[in-house]
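Visitor: prediction below, plus the sequence it came from.
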Amino acid sequence: MLGAIGLDDTQEAAYHGLVRLGGAEAGDLARRLALGEATVAAALRRLEEEGLAARPRTDAERWIPAPPGVALGALLTRRRQVLDEVEQAAALLAETYRSQAPAAAVHDRVEVVTGASAVSHRFLQLQMGAMEELCVLVTGTPVAVTPMENPVEDAAVARGVAYRIVLERDALSLPGQLTELAVGLGRRQEARLVEKVPTKLVVADRTLAMVPLGDHGSEPTALVIHSSGLLDLLVFLFERVWRNALPLRLGKRGELIEDRPAGPAPTDLEILALLLVGMTDASIAKQLRIGLRTVKRRVKGLMDLAGSTTRLQLGWQACELGWLKAPPPAPEDGTAGRETALDRRSATGPLAARGGRAQDAPDQLDQPRKLNRT
């Protein structure tokens, strides 16, 4: 723990021993720590240099600890000052780099990292350098880093870095994956599940990404991509996979639960069916005896649920999501068994009678003679 302020394991053990004992001679402390007396004596001299231990004038052989609150606080202040100076120097170097290289070459935008050790090291660097968010796609075939080999994740979370992780289902069977996932969800990280992710991917703060290059030789190879159109494409890919994935959460007993998204309500499916046969919002409102604003609000809700930005996209997404492959579920308002608008149109309209394209004709529910096309 005290290694962060410059102490090695022996020095930290010696200081802990002095604090527990309230003071001791070097030989006695060495026996208690099961270490050589010369080793402990050297550690005590280092503690004296750092202001963590001292020898009273009346007994030069005895060592007493400095109060931890005062001594360690002073060391932390000094270390913070050093880190502030390093941060300022890094900012100056970054500014110098930007001013001297206004037009970065292509090879400056993409790095090629080869070898399992190098790939693992670069992956850890991405996490250590992140300040806001890490977006990760996880496959079921790790190459350089397994779920149990990520020692910097705790530090990143402690810094306030948000993790958004999408795992493919095969990844859940990796050794240690369920344990690490449960720990992450317990720290309020976000995780989702899909059957298959398109590729391994790590995106740090939307400014840096890392993807595998593929099977090129015996050693794993990855690309590190800096700000560019390619990076924007990878961010878009992650967001698309994230949107279509199932959220994961921890149950009361610590088990993983997949939150299946709720599909459209029965009324929404009726509105969707009428949209797809070309009816306008006003015609739909009249057909279903609901307000025009209600129709517009429900259509907007359908678009948000499907992740579409236009009504044309909504129709395509509805097919992809299977909303049109089965009859709508029974309504929740006590009208179970009522025919939907789509059922009535398909059962009584000209399309059912002739097997061809629907023609404008009245049906049994006083529908308009001519359907308005959007």
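Guide: That came through fine. Note that this is a predicted model, so its numbers are computed, not measured. Numbering: from 1, shown residues only.

Visitor: so, low pLDDT: which residues of the protein?
Guide: 1, 3, 97-108, 143-150, 186-188, 215-217, 252-256, 259-262, 325-374 (pLDDT under 70).

Visitor: longest single helix anywhere in it?
Guide: The helix that spans the most residues within the chain, counting by DSSP state H, is helix 68-100.

Visitor: quick check: the gap between Ser228 and Glu258.
Guide: 35 Å (C-beta to C-beta, to the nearest Å). C-betas here are computed from N, CA, C, even on glycine.

Visitor: between the two, who's got more neighbours?
Guide: Ser228 (15 against 12; other C-beta atoms under 10 Å).

Visitor: pretty sure the more buried one is touching Arg109, no?
Guide: Yes - here Ser228 reaches Arg109: they are 4.8 Å apart, a contact under C-beta atoms under 8 Å.

Visitor: quick one, strands of the chain?
Guide: Per DSSP state E, the chain carries strands over the ranges 24-25, 53-54, 62-65, 110-114, 133-138, 162-168, 190-194, 201-204, 208-212, 221-226, 246-250, 256-258.

Visitor: what's the most buried one of these?
Guide: Most buried of the strands of the chain, by mean neighbour count (mean count of other C-beta atoms under 10 Å): strand 201-204, with a mean of 23.

Visitor: tell me the strands beside it, with direction?
Guide: In the sheet, strand 201-204 lines up against strand 133-138 (antiparallel), strand 208-212 (antiparallel) (DSSP bridges).

Visitor: out of those strands, which is closest to Met279?
Guide: Minimum separation from Met279 across the strands paired with strand 201-204 (C-beta to C-beta) falls at strand 133-138, 40.4 Å.

Visitor: that closest one: how far from the chain's middle?
Guide: Put simply, strand 133-138 sits 4 Å off its chain's centre (C-alpha atoms, centre = their mean, to the nearest Å).

Visitor: now that strand against strand 162-168, angle please.
Guide: Interaxial angle, strand 133-138 versus strand 162-168 (axes from the mean of the first three to the mean of the last three C-alpha atoms, to 10 degrees): 10 degrees.

Visitor: buried set for the longest helix of the chain?
Guide: 71-72, 75 (16 or more other C-beta atoms under 10 Å).

Visitor: out of the strands paired with strand 201-204, nearest to Lys286?
Guide: strand 133-138 (45.7 Å).

Visitor: got the CA positions of the closest one in PDB?
Guide: Provided in PDB are the C-alpha atoms of strand 133-138 (Å, rounded to 0.1, in the frame of the first residue of the first chain):
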ATOM      1  CA  GLU A 133     -15.400   6.300 -20.300                       C
ATOM      2  CA  LEU A 134     -14.200   2.900 -21.600                       C
ATOM      3  CA  CYS A 135     -16.400   1.100 -24.100                       C
ATOM      4  CA  VAL A 136     -15.500  -2.600 -24.600                       C
ATOM      5  CA  LEU A 137     -16.700  -5.400 -26.800                       C
ATOM      6  CA  VAL A 138     -15.700  -8.800 -25.400                       C
END
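
Visitor: center of this structure, which residue is that?
Guide: The centre of the chain sits closest to Arg164, judged by C-alpha atoms, centre = their mean, with a distance of 0.9 Å.

Visitor: what bridges to that residue?
Guide: Cys135, Glu190.

Visitor: got the strands paired with strand 201-204 as a markdown table, with distance to Leu246 columns?
Guide: As requested, these are arranged in a markdown table below (distance: least, C-beta to C-beta, whole Å):
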| stretch | distance to Leu246 |
| --- | --- |
| strand 133-138 | 14 |
| strand 208-212 | 23 |
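
Visitor: so which of the ones you listed gets nearest Ala182?
Guide: strand 133-138 (14.8 Å).

Visitor: show me how far stretch 219-234 is from its chain's centre.
Guide: 18 Å.

Visitor: my bad, stretch 23-41
Guide: That offset, for stretch 23-41, works out to 48 Å (C-alpha atoms, centre = their mean).

Visitor: ok, stretch 279-291 next?
Guide: The answer for stretch 279-291 is 42 Å, by C-alpha atoms, centre = their mean.

Visitor: may I see the buried residues of that stretch?
Guide: 279-281, 283-288.

Visitor: repeat that for stretch 117-137.
Guide: 118-120, 122-124, 126-127, 130, 134-137.

Visitor: ditto for stretch 43-57
Guide: By 16+ other C-beta under 10 Å, the buried positions in stretch 43-57 come out as 43-44, 46-47, 50, 52-55.

Visitor: in helices only, show me the residues you listed.
Guide: Short answer: the buried residues of stretch 43-57 in helices (DSSP H) are 43-44, 46-47.

Visitor: which of the residues you listed lies closest to Asp205?
Guide: Closest to Asp205 out of those is Arg46 (38.6 Å), distances taken as C-beta to C-beta.

Visitor: test my guess that the closest one contacts Gln11.
Guide: Yes - with contact defined as C-beta under 8 Å, Arg46 counts as touching Gln11 (5.4 Å).

Visitor: and for those two, which residues touch both?
Guide: Here Arg46 and Gln11 share no contacting residue, scored by C-beta atoms under 8 Å, 6 or more residues apart in numbering.

Visitor: about what we covered before: turn the ones in helices among the buried residues of stretch 43-57 into TSV, columns for distance to Glu168.
Guide: Listed next are these as TSV, based on distance: C-beta to C-beta, whole Å:
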residue	distance to Glu168
Ala43	50
Leu44	54
Arg46	50
Leu47	51
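
Visitor: quick one: which of those is nearest Val202?
Guide: Distance to Val202 across those (C-beta to C-beta) is lowest for Arg46, with 39.4 Å.
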